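**Student:** predicted coordinates and the sequence they were generated for:
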Amino acid sequence: MKRGQVLFLNEAQIRELLTEPQVLELVDKVLREWALGKTVNPVKLSLQIYPYHEGHINSMPSYIENGDLAGVKVVSVYANNQKTYGLPTTIGTIILHDADSGLPYAILGGTHITDLRTGAVSGVKARYLARKDSKVLAIVGAGAQGFGSMLMVKLAVPGIEEVRVCDLSAERRAAFIEDAKKHFPELRYISCASNEEASAAADIIVYATSASDPLLEGSALKDGVTAICVSEKLTPKTIARFDGFYVDFTACAIERYNADGRHQAELIGRTYEDLTEDMVTGEIGDVMIGKCPGRTSDKQKILTAAVGMSIEDVIVARAAYDAAVERGVGTVLDLEN
C-alpha cells in the first residue's frame, strides 16, 4: 500500500484470518517478551462514565520491539449491552501504526480479537499454573470470552476431559455446549445452574461473568484448583483463600480491580477494601521465563487474574493484517484524498 493508505478489516474478515492455536502461541510469545522488558505497555487510560452510563471506555497503546510493532486499541465495556441492545459487552477497535513515522496503516475491528486474545491469556495461564493432570474445566459465564477461554484452555491443557458450563440462562448454556461440541465433540459437557455445581469438582475454573458479587468468596474449591478470573470481582478475602495470586500486569491489575470494586461497593452501599501490590505473588510472564516460581505442589490453590494488555491485541492484529495482505482481503482507505 502507498503512504497514507490504511487497510480496513471488519470482524467477519478477521474471523477468517486467525486461528485459535495461532493466537495462543502469539500471546504466549508476547507475554514472555513483556517479562524480558522488550515491550512498552502503559497502564490503560480508562474513561469511567458513571453515573451517566453504566460502562467505561479504555485507550490501550503499546509497542513491541520484536517486529517493531506499534498500535492502540480503544475498547468499551458495557455490562448491560447484551440485555438492552443485543450487542457484545466488550466492543473494540484496533489501529496499527508505522513505528517510524506514526502513520496508521491498518484499522481492525477489535471485538473478535479481544475475545480470542482474552481466551488465549486464560490458556497461557492454565498452561503454566494448572496441574498437569487437570481433567475438569468449569466455565462460569457462557459468553464470548468464556467460550474463547474454553477453546484455549483445552488447547493448552490437552488432558481436559469434561467441561462444566454455568450461566444464569439455560438457553445460553445449551447454545455454548452446542457450539463447543463442534470444536471438541469428544469432551463430556455438563450444564450447571449454579456456580457451586460447576466449580466444586473442577481442576480449572474460568470466571467470565459480569456478576456484581464476588463469586469466589464462597465457592467450594478442591485442592489443586486453578481459578482464572477474566471478569470476576476480586477482594482481599477472595485472594486470601489461595496459596498464590498471579496477574499479567501488576500495576494495571491493582488499579482496575480497585476502581471496579469501589464502584460496585458504591452502587450497593457497601465498603470496599483495596487490593495492594503485596497481595500479588507474581506476574505470569515472570513465571514463564523462570524469574518467579509458579505452582510448586499439586495441592496448591492458585488464583490468577488478567486485566488485558495492549501488546496482546497488537501482536494478534498484526498477524491478521499480514494474512489479509497475503490473501488480498480488506478495504483500502485513503486518509489523504
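**Tutor:** Structure received. Treat the numbers as computed from the prediction; the structure is a model and nothing was measured.
**Student:** in the helix or strand encompassing residue 260, which residues are buried?
**Tutor:** Assessed by DSSP states H and E, residue 260 sits inside helix 250-268. With burial defined by 16 or more other CB atoms under 10 Å, the residues of helix 250-268 counted as buried are 250, 252-258, 260-261, 263, 265. C-betas here are computed from N, CA, C, even on glycine.
**Student:** check which helix or strand covers residue 92.
**Tutor:** Per DSSP H and E: residue 92 is located in strand 90-98.
**Student:** now do the helix or strand that that strand is followed by and strand 90-98, the angle between them.
**Tutor:** Moving toward the C-terminus from strand 90-98, the next helix or strand (DSSP H and E) is strand 104-109. In terms of direction (axes from the mean of the first three to the mean of the last three CA atoms, to 10 degrees), strand 104-109 departs from strand 90-98 by 170 degrees.
**Student:** CA atoms only: put stretch 301-308 into CSV for me.
**Tutor:** Taking C-alpha atoms only, stretch 301-308 is exported to CSV below (Å, rounded to 0.1, in the frame of the first residue of the first chain):
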residue,chain,number,x,y,z
LYS,A,301,-4.9,-23.5,45.2
ILE,A,302,-3.8,-20.9,42.6
LEU,A,303,-5.7,-17.7,41.7
THR,A,304,-4.9,-15.7,38.6
ALA,A,305,-6.4,-12.7,37.0
ALA,A,306,-6.0,-10.8,33.8
VAL,A,307,-6.7,-7.2,33.0
GLY,A,308,-5.8,-7.4,29.4
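**Student:** who touches that stretch?
**Tutor:** 44, 60, 114, 117-118, 121-122, 125, 129-130, 216, 221, 223-230, 232, 234, 238-239, 241-249, 252-253, 256-257, 284, 294-295 (CB atoms under 8 Å, 6 or more residues apart in numbering).
**Student:** which among those residues end up buried?
**Tutor:** Applying 16+ other CB under 10 Å to the contacts of stretch 301-308 flags 44, 60, 114, 117-118, 121-122, 125, 129-130, 216, 221, 224-230, 232, 234, 238-239, 242, 244-249, 252-253, 256-257, 284, 294-295 as buried.
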